[in-house]
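A.B. asks: The following block contains a protein sequence and its predicted model.
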Amino acid sequence: NAGVTQTPKFQVLKTGQSMTLQCAQDMNHNSMYWYRQDPGMGLRLIYYSASEGTTDKGEVPNGYNVSRLNKREFSLRLESAAPSQTSVYFCASSEVVRSSGNTIYFGEGSWLTVV
Amino acid sequence: AQRVTQPEKLLSVFKGAPVELKCNYSYSGSPELFWYVQYSRQRLQLLLRHISRESIKGFTADLNKGETSFHLKKPFAQEEDSAMYYCALRAPGGKLIFGQGTELSVKP
């Protein structure tokens, strides 16, 4: 059971380059998320998708775009990378279960460095 | 606005000592709160959630609506408890709002 899988795990970019982080989940969840994790800042929501075909901005969407390709996949794109986007990126998915509420499952993280 | 505050960036205790990681929240409705744990360079994992009132790995957390707190407690810390701990609040639409995180270091 893979859960949430994201790629790549590590990436170094030059300022101005573009790249896409891929995420897929095999739990048939409707909701998917992209967070970034920075020291002292916790996890901050970049974008989320409540269901296939919908996306919404989170706390820190500037400089990013997302695509909910289908129910399984939710990609994050940096069009023109900046050093401030150096961070660890986590993809996540969730489903509300009547008996146990809402549980979010996270991927292993993608370490991105922009030089 | 919804907000989660973890006032301590780092908490250092000795093995066997009690530990309490503080979490305060701001939410106008009935909150749904969680604690997540992240061991070194691993993915975040759900530790516990207030609606199930469970105890995981010896940790418990009680929701105090009067004080708007959801502190995480363990009576006797173990070295393997060393990790980053995040308190989180479920916001409308299902997304989670996280606190800044507290690094717990348990010394031998």
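C.D. replies: Received the coordinates, thanks.

A.B. asks: use CA for all of it now, contacts and neighbours both
C.D. replies: Noted.

A.B. asks: residues contacting B:Phe14?
C.D. replies: Applying CA atoms under 8 Å, 6 or more residues apart in numbering or on different chains to B:Phe14 gives the contacts B:77, B:106-108.

A.B. asks: Tell me what it is bridged to.
C.D. replies: B:Lys107 (DSSP bridges).

A.B. asks: Tell me the spacing between it and A:Leu21.
C.D. replies: From B:Phe14 over to A:Leu21 the distance is 40 Å, taken as CA to CA, to the nearest Å.

A.B. asks: One more: A:Lys71?
C.D. replies: 16 Å.

A.B. asks: Quick one: neighbours of A:Gly53, just the number.
C.D. replies: The number of residues packed near A:Gly53 is 11, by other CA atoms under 10 Å in any protein chain shown.

A.B. asks: Now do the contacts for the residue lying closest to it once chain neighbours are set aside.
C.D. replies: Using CA to CA, 6 or more residues apart in numbering or on different chains and skipping the chain neighbours, the partner closest in space to A:Gly53 is A:Arg68 (6.0 Å). Contacts were defined as CA under 8 Å, 6+ apart; by that measure A:Arg68 touches A:49, A:52-55, A:74-75.

A.B. asks: Out of the residues you listed, which sit inside strands?
C.D. replies: A:49, A:75 (DSSP state E).

A.B. asks: Buried ones among the contacts of A:Arg68?
C.D. replies: Buried residues within these, counting neighbours by 16 or more other CA atoms under 10 Å in any protein chain shown: A:49, A:52, A:55, A:74-75.

A.B. asks: what sits against B:Gln42?
C.D. replies: Neighbour list for B:Gln42: A:108-109 [criterion: CA under 8 Å, 6+ apart].

A.B. asks: Go again with 7 Å.
C.D. replies: Shown here is B:Gln42, whose contacts under the criterion CA atoms under 7 Å, 6 or more residues apart in numbering or on different chains are A:Glu108.

A.B. asks: Likewise for B:Ala88?
C.D. replies: B:4, B:33-35, B:96-99.

A.B. asks: Mind doing that once more with 6 Å?
C.D. replies: Taking CA atoms under 6 Å, 6 or more residues apart in numbering or on different chains as the contact definition, B:Ala88 lies against B:33-34, B:97-98.

A.B. asks: before we move on, back to that, filter the contacts of B:Phe14 down to the buried ones, PyMOL style.
C.D. replies: Here the buried members of the contacts of B:Phe14 are turned into a PyMOL selection, burial being counted by 16+ other CA under 10 Å:
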select buried, chain B and resi 77+106
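
A.B. asks: Could you tell me the end-to-end distance of stretch B:59-76?
C.D. replies: As for stretch B:59-76, its first-to-last residue distance stands at 9 Å under the measure CA to CA.

A.B. asks: Would you tell me what the next helix or strand after the worst-scoring helix or strand of chain A on mean pLDDT is?
C.D. replies: Least confident element among the helices and strands of chain A, by mean pLDDT, DSSP states H and E: strand A:101-106 (a mean of 79). As assigned by DSSP states H and E, the chain's next helix or strand after strand A:101-106 is strand A:110-114.

A.B. asks: isn't A:Arg44 right up against A:Tyr35?
C.D. replies: Yes - contact status for A:Arg44 versus A:Tyr35: in contact at 5.3 Å, counting by CA atoms under 6 Å.
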